[in-house]
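Chemist: coords below, sequence missing:
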């Protein structure tokens, strides 16, 4: 069954109507709710969200909380080791920052078999997820809020939907 993981940037955009991609976050939330697609919030994302506002401001009854456990830590550590070994990133300080947040969340999604991660983080998270996929270490796909609400991307995150216009019966 399709499920999605929500990172901190998604939660912030979802909760704040003044954010640029708030509408897309709300549309994805409503779509998942309507289709019965489980939405997981990693406890790490909840903790980051809590720094700015209470996590209880979110409609928690609609989400599944994903605790961080030993298998997630092991998966995230394997990602770090691979990134170091393959020199995907040469900036050790950047890698440490990523480990704390993004790679742990990616590790959780990968370990739990959650295929899609909804995010606003086009920099670090998406970049690392792509590098791990290219290295055949993860299959987690990211869907960016900046691309707008595109429900087909939940089934196939690489898909783009075409804007089709109706054609009159006698036109080709």
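Modeler: Yep, it's here. The structure displayed is predicted, hence computed values, not measured ones.
Chemist: helix, strand or coil for the closest residue to residue 71 other than its chain neighbours?
Modeler: Computed as Cβ to Cβ, 6 or more residues apart in numbering, the closest residue to residue 71 that is not its neighbour in sequence is residue 111, at 5.1 Å. Where C-beta positions appear, they are placed from N, C-alpha and C, glycine not excepted. Secondary structure for residue 111, judged by DSSP: H, G, I helix; E, B strand; the rest coil, is helix.
Chemist: Show me where this protein has its helices.
Modeler: 8-15, 22-35, 43-52, 70-85, 92-98, 104-112, 124-134, 152-155 (DSSP state H).
Chemist: Run the angle between the first one and helix 43-52 for me.
Modeler: With axes from the mean of the first three to the mean of the last three Cα atoms, to 10 degrees as the basis, helix 8-15 and helix 43-52 are set at 50 degrees to each other.
Chemist: and helix 8-15, what other elements does it pack with?
Modeler: helix 22-35, helix 43-52, strand 116-119 (3 or more Cβ pairs under 8 Å, 6 or more residues apart in numbering; DSSP states H and E).
Chemist: outside of the longest one, which residues touch it?
Modeler: Defining contact as Cβ atoms under 8 Å, 6 or more residues apart in numbering, one finds that helix 22-35 is touched by 4, 10, 13-14, 16, 19, 37-39, 62, 118, 120, 143, 145-149, 151, 154.
Chemist: switch the cut-off to 7 Å
Modeler: Applying Cβ atoms under 7 Å, 6 or more residues apart in numbering, the contact partners of helix 22-35 are 4, 10, 13, 14, 16, 39, 62, 118, 145, 148, 149, 151.
Chemist: Could you provide the residues you listed in JSON lines, with additional columns for distance to residue 83, pLDDT and neighbour count?
Modeler: Below are those laid out as JSON lines (distance: Cβ to Cβ, whole Å; pLDDT from 0 to 100; neighbours: other Cβ atoms under 10 Å):
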{"residue": "4", "distance to residue 83": "24", "pLDDT": "97", "neighbour count": "21"}
{"residue": "10", "distance to residue 83": "23", "pLDDT": "97", "neighbour count": "28"}
{"residue": "13", "distance to residue 83": "27", "pLDDT": "97", "neighbour count": "24"}
{"residue": "14", "distance to residue 83": "29", "pLDDT": "98", "neighbour count": "23"}
{"residue": "16", "distance to residue 83": "31", "pLDDT": "97", "neighbour count": "15"}
{"residue": "39", "distance to residue 83": "28", "pLDDT": "98", "neighbour count": "18"}
{"residue": "62", "distance to residue 83": "34", "pLDDT": "98", "neighbour count": "12"}
{"residue": "118", "distance to residue 83": "23", "pLDDT": "97", "neighbour count": "26"}
{"residue": "145", "distance to residue 83": "25", "pLDDT": "96", "neighbour count": "24"}
{"residue": "148", "distance to residue 83": "30", "pLDDT": "94", "neighbour count": "13"}
{"residue": "149", "distance to residue 83": "31", "pLDDT": "95", "neighbour count": "18"}
{"residue": "151", "distance to residue 83": "32", "pLDDT": "87", "neighbour count": "14"}
